[in-house]
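J.: The following block contains a protein sequence and its predicted model.
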Protein chains: 2
Amino acid sequence: MTTTWLDIDTSINERGLMGILEFPIVPFEVKRLFWLSQVPAGELRGEHAHRSCEQFIILLTGSVHCRIELRDGQVIEGDMSPGNAFHLQTFSWLVLSQFSKDSTVLVLANELYDETEYIRSYDEFKSR
Amino acid sequence: MTTTWLDIDTSINERGLMGILEFPIVPFEVKRLFWLSQVPAGELRGEHAHRSCEQFIILLTGSVHCRIELRDGQVIEGDMSPGNAFHLQTFSWLVLSQFSKDSTVLVLANELYDETEYIRSYDEFKSR
């Protein structure tokens, strides 16, 4: 399946880069956000799915490789650039890799943190 | 006046930096977000106030110098580190400067963009 990132408006000029997202595009009310930076090359992040939490993931800076395995087995995979974003639905196995040194990933979530809604075993994910 | 940043939880280990913010700390529903990166050293950003828009500003990466002049003339000023954040209320004149090469600033706002609610003249700001 081809990559289907959303593209957030970004503009770059001699004063720097600005990306802007207005909220009809995020399909839920944000209850939590987190960000990743300074992830070493070679490190994988994600490697889990969520039972109930939806996320909206935006690459703010740098580059990262993203692989999403959907509940029905379809795979969405590609290299993200600043402003690329996607809505990660429940029961989707996400792996982020190939973090560039300057990459910053922002994640918006529709729920507060709850460890019990994480699926951290790939075998459990596949058996559903 | 001393600097009164909020500190967002951040943790850094061999897998990188993660910052996490749960939403009771943001005092409004987010309608818009934007981010700044790749701002050249020597550039100033902000240099305006808002009539109605409130913002929650978080430094995600790098460092930046922040100066906020409140409506009553008080000044809050300091160097921000990753995870430092503040609630920028209306009628506050904000200037960000001394952007490090790797700085990323995230701004959450309670309104969609509306140019008419910006105060872009410092004289107008001071005359209120």
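T.: Yep, it's here.
J.: Chain A: strands as residue ranges?
T.: For chain A, the strands defined by DSSP state E cover A:6-7, A:9-13, A:16-22, A:32-37, A:45-50, A:55-61, A:64-69, A:75-80, A:84-88, A:93-97, A:104-109, A:118-119.
J.: can you give me the angle the third one makes with strand B:104-109?
T.: With axes from the mean of the first three to the mean of the last three CA atoms, to 10 degrees as the criterion, the two stretches strand A:16-22 and strand B:104-109 enclose an angle of 30 degrees.
J.: next one: the fifth one
T.: Angle, strand A:45-50 to strand B:104-109, by the same axes, to 10 degrees: 30 degrees.
J.: Give the closest residue to the residue of chain A positioned farthest from its centre in space, chain neighbours not counted.
T.: Residue farthest from the centre of chain A, counting by CA atoms, centre = their mean, is residue A:14 at 28.5 Å. Nearest residue to residue A:14, sequence neighbours excluded (CB to CB, 6 or more residues apart in numbering or on different chains): residue B:40, at 7.2 Å. For every residue, glycine as well, the C-beta is placed using N, CA and C.
J.: how many other residues sit next to the one you found?
T.: Residue B:40: 10 surrounding residues under other CB atoms under 10 Å in any protein chain shown.
J.: do residue A:83 as well
T.: Number of residues near residue A:83 (other CB under 10 Å) recorded here: 22.
J.: Ok, residue A:101 next?
T.: 12.
J.: That one and residue A:61 touch, don't they?
T.: No. Taking contacts as CB atoms under 8 Å, residue A:101 lies outside contact range of residue A:61: 10.2 Å.
J.: got a pLDDT number for residue A:29?
T.: Predicted confidence (pLDDT) for residue A:29: 88.
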